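Below: sequence and its predicted model.
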Number of protein chains: 2
Amino acid sequence: MDEKDLKETQVSSKDVYDGSILHVKEDIIKLPNGKEASRELIRHIGAVCVVPVTSDGKVIMERQFRYPIDRVITEIPAGKLDSYDEDRLEAAKRELREETGYTASDWRDIGLYYPAPAYSDEKITMYLATGLTKGSRDLDEDEFLNIIEIPIEELVRDIVSGKITDGKTQVAVLKAYEIIRNA
Amino acid sequence: MDEKDLKETQVSSKDVYDGSILHVKEDIIKLPNGKEASRELIRHIGAVCVVPVTSDGKVIMERQFRYPIDRVITEIPAGKLDSYDEDRLEAAKRELREETGYTASDWRDIGLYYPAPAYSDEKITMYLATGLTKGSRDLDEDEFLNIIEIPIEELVRDIVSGKITDGKTQVAVLKAYEIIRNA
């Protein structure tokens, strides 16, 4: 069918949970066939993530416990925006500095990532950061994570083999690698 | 710190929203420093996605309206499990057939994808499907999507340039491409 006919339109919206991170709605929508249906969805403030690559080709990574999946996983630095209108590049610089201690002289926007567009509006902007200088970390009081460095070729192999399972990390590192390789 | 010391342990758990797709919990947890904190999280039934590649190197893709982000996006075929214990490969075969009409003779598990491990336990298993045969679609009554075919090299360029924004699609296609290229 014509693409404009795929659209679903809102009939009504109800707040069913309003947490500090997750804001859950139950909307009634009109389908392309005119029937009504319900949609459960999350409104999220948005986030950024960073692939920080050193001059000798290593990526600054984090080992962090993720409670929902009950395990420590390997991820790139990332974090939520502080406000809906926070500048995304500034947020990325802040998260990189606070979590890893690094600052970067060169920043490149490498695209958007919707983690779960079927039920969440969370939008993550991905950055490639190079020209790194090491400083000291500034973690939130209740934030616990270890920093490790992994050569980017090894990381790409670990993504392709399935060892890295975090979504944003897989996308952003594979994209960064394509961009670096084609530079 | 030692990795086992990064662990957060559950103190209590409360159901705050129990929808048909989203099951939201508010848990109290004990942090590595002994303090308590709260975690909002989603329990999700789990899902599968498929990169179906034709013998001439085209990927069978979907154009689908995603209500939370209010736009039509390009995605690979995917879907939720029917039950918590459904076999994931069977679910992938079902979703591919129902949504696109295609069946495949060769299936390869290309790894796991956690879309948002900070607040969701959703786990997506990714498959590469080849040896395709075209049949007829069998969409749910209230499912609306268009099928398009895109050469995999063009799709990879669209991912690297930022034109494709769906997370699972970016990951699974880049992985499939690495695997095909190295085969």
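Structure received.

Give me the buried positions along stretch A:9-17.
For stretch A:9-17, burial by neighbour count (16 or more other CB atoms under 10 Å in any protein chain shown) applies to A:16, A:17. Bear in mind the C-beta positions are built from the backbone N, C-alpha and C, glycine included.

Tell me how chain A divides into domains.
Per automatic domain parsing, the structural domains of chain A span A:3-43, A:47-181.

looking at those, which is closest to residue B:94?
Each of the domains of chain A has some distance to residue B:94 by CB to CB; the shortest is domain A:47-181, at 16.9 Å.

Quick one: mean pLDDT over the closest one.
Per-residue pLDDT values across domain A:47-181 average out to 96.

That domain: how far from the chain's middle?
Centre-to-centre, domain A:47-181 and its host chain are 7 Å apart (CA atoms, centre = their mean, to the nearest Å).

what does stretch A:27-36 give?
Using CA atoms, centre = their mean, the offset of stretch A:27-36 from its chain centre is 31 Å.

Endpoint to endpoint, it covers what distance?
In terms of CA to CA, to the nearest Å, the two terminal residues of stretch A:27-36 are separated by 10 Å.

Same question for stretch A:8-28.
End to end - CA to CA - stretch A:8-28 spans 10 Å.

Compare the domains of chain A and give me the one nearest residue B:21.
It is, among the domains of chain A and with distance given as CB to CB, domain A:3-43, at 5.1 Å.

Any residue of the closest one touching chain B?
Yes. For domain A:3-43 and chain B, the contact criterion (CB under 8 Å from any CB of the partner chain) is met by A:3, A:5-8, A:16-17, A:19-22, A:24, A:26-27, A:29, A:31-33, A:35, A:37-42.

now the helices for chain A?
Ranges of helices in chain A, per DSSP state H, are A:88-100, A:152-160, A:167-181.

wait, does the second one make contact with chain B?
Yes. Against chain B, helix A:152-160 shows contacts by CB under 8 Å from any CB at A:156, A:159, A:160.

mind listing what's buried in that helix?
A:152, A:155, A:156, A:158, A:159, A:160.

In JSON lines, list those along with distance to residue B:168.
Output for the buried residues of helix A:152-160, formatted as JSON lines (distance: CB to CB, whole Å):
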{"residue": "A:152", "distance to residue B:168": "22"}
{"residue": "A:155", "distance to residue B:168": "19"}
{"residue": "A:156", "distance to residue B:168": "18"}
{"residue": "A:158", "distance to residue B:168": "19"}
{"residue": "A:159", "distance to residue B:168": "14"}
{"residue": "A:160", "distance to residue B:168": "16"}
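
now, which of the residues you listed sits nearest chain B?
In terms of CB to the nearest CB, no member of those lies closer to chain B than residue A:160, at 4.8 Å.

Touching, that closest one and residue B:172? I think so.
No. Residue A:160 is not in contact with residue B:172 according to CB atoms under 8 Å; the separation is 11.6 Å.

what sits in contact with each of the two?
Applying CB atoms under 8 Å, 6 or more residues apart in numbering or on different chains, one finds that no residue jointly contacts residue A:160 and residue B:172.

Torsion angles phi and psi at residue A:44?
Per-residue torsions, residue A:44: phi -130, psi 150 (degrees, to the nearest 10).

hang on, isn't it packed against residue A:22?
Yes. The pair residue A:44 / residue A:22 is scored as a contact, 7.2 Å apart, by CB under 8 Å.

how many neighbours does residue A:84 have?
Residues near residue A:84, counting by other CB atoms under 10 Å in any protein chain shown, number 8.

before we move on, what about residue A:65?
Residue A:65: 23 surrounding residues under other CB under 10 Å.

same deal with the one 5 residues further on?
Using other CB under 10 Å as the criterion, residue A:70 is surrounded by 12 other residues.

Please tell me how far it sits from residue B:121.
The gap separating residue A:70 from residue B:121 is 8 Å, by CB to CB, to the nearest Å.

OK, contacts around residue A:116?
The contact partners of residue A:116, taken as CB under 8 Å, 6+ apart, are A:122, B:115, B:116, B:120, B:122, B:167.

ok, now residue A:165?
A:73, B:111, B:112, B:113, B:114, B:117.

Same list, the residues you listed, but as TSV with neighbour count and distance to residue B:148 please.
Below are the contacts of residue A:165 laid out as TSV (neighbours: other CB atoms under 10 Å in any protein chain shown; distance: CB to CB, whole Å):
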residue	neighbour count	distance to residue B:148
A:73	16	34
B:111	21	25
B:112	18	27
B:113	27	22
B:114	25	28
B:117	25	31
